[in-house]
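J.: have a look at this prediction, sequence included:
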Amino acid sequence: MKFEEAKERYIQAWGALGSQWGVNRTMAQIHALLMVAPDPLCADDIMADLNISRGNVNMNLRALIDWGLVRREFKSGERKEFFSAEKDIWLVARQVLIERKKRELEPILKVLDDVGTVEGDRSDPQIRAFIDTIAQIREFAHKTNNALEQVTRSEGGWFWTMLSKIFK
């Protein structure tokens, strides 16, 4: 397979994977392009490579910077901004976990903690079922949060060692 075809297939696959994770497909494609680029790219380069508008590039680059997956760089003598992505996949995965935890798990933990203090007659079957179910979900969510904390604080080698033990 020729380089350009392989690069295109990878960018398309990463975009599809991103959309399955709930990330904008174009955002994932820009991230994929920056991950495999040997040097930082400017918005014009990204527009040309992915055939997308400047507005789309700028909006998605801001989102990628917010996620901590892309950094803005400046080159001496250049007026344009350049962008690069982390190439270490462990650090990328770790950053995605941190952001997803912050955006998805932490808000639901807050809601579960709030609704877990429901008042009412605990002998009422509806209230009892609600309290019991919320308690189970809270326990699961807190354990998940603790596990994600461990993973995001760890080095990649520890995680892969543990994962390989699970699947043996």
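T.: Here it is on my side, so go on.
J.: how about the helix ranked longest in the chain: buried residues?
T.: In the chain, with assignment by DSSP state H, the single longest helix is helix 125-153. Across helix 125-153, burial judged by 16 or more other Cβ atoms under 10 Å covers 131, 134, 138, 141, 151. Yep, even glycine has a C-beta here, placed from its N, CA and C like the rest.
J.: doesn't residue 113 make contact with the second one?
T.: No: with contact defined as Cβ atoms under 8 Å, residue 134 and residue 113 do not form a contacting pair (9.5 Å).
J.: now for the longest helix of the chain, which elements pack on it?
T.: Packing contacts for helix 125-153, counted by 3 or more Cβ pairs under 8 Å, 6 or more residues apart in numbering; DSSP states H and E, involve helix 89-100, helix 106-115.
J.: same question for that helix, mean pLDDT?
T.: Mean per-residue pLDDT for helix 125-153: 91.
J.: how far away from the center of its chain is it?
T.: 22 Å (Cα atoms, centre = their mean, to the nearest Å).
J.: please, which helix or strand holds the nearest residue to residue 30 once chain neighbours are set aside?
T.: Among residues not flanking residue 30 along the chain, residue 60 sits closest, at 5.1 Å (Cβ to Cβ, 6 or more residues apart in numbering). Per DSSP states H and E, residue 60 falls inside helix 54-67.
J.: can you pull the buried residues of that helix?
T.: So for helix 54-67, counting by 16+ other Cβ under 10 Å, buried means 56-57, 60-61, 63-64, 67.
J.: can you check stretch 32-49 too?
T.: Buried-residue list, stretch 32-49, by 16+ other Cβ under 10 Å: 32-35, 37, 40-43, 45-47, 49.
J.: before we move on, the earlier item: closest one of the buried residues of helix 125-153 to residue 99?
T.: residue 151 (13.4 Å; Cβ to Cβ).
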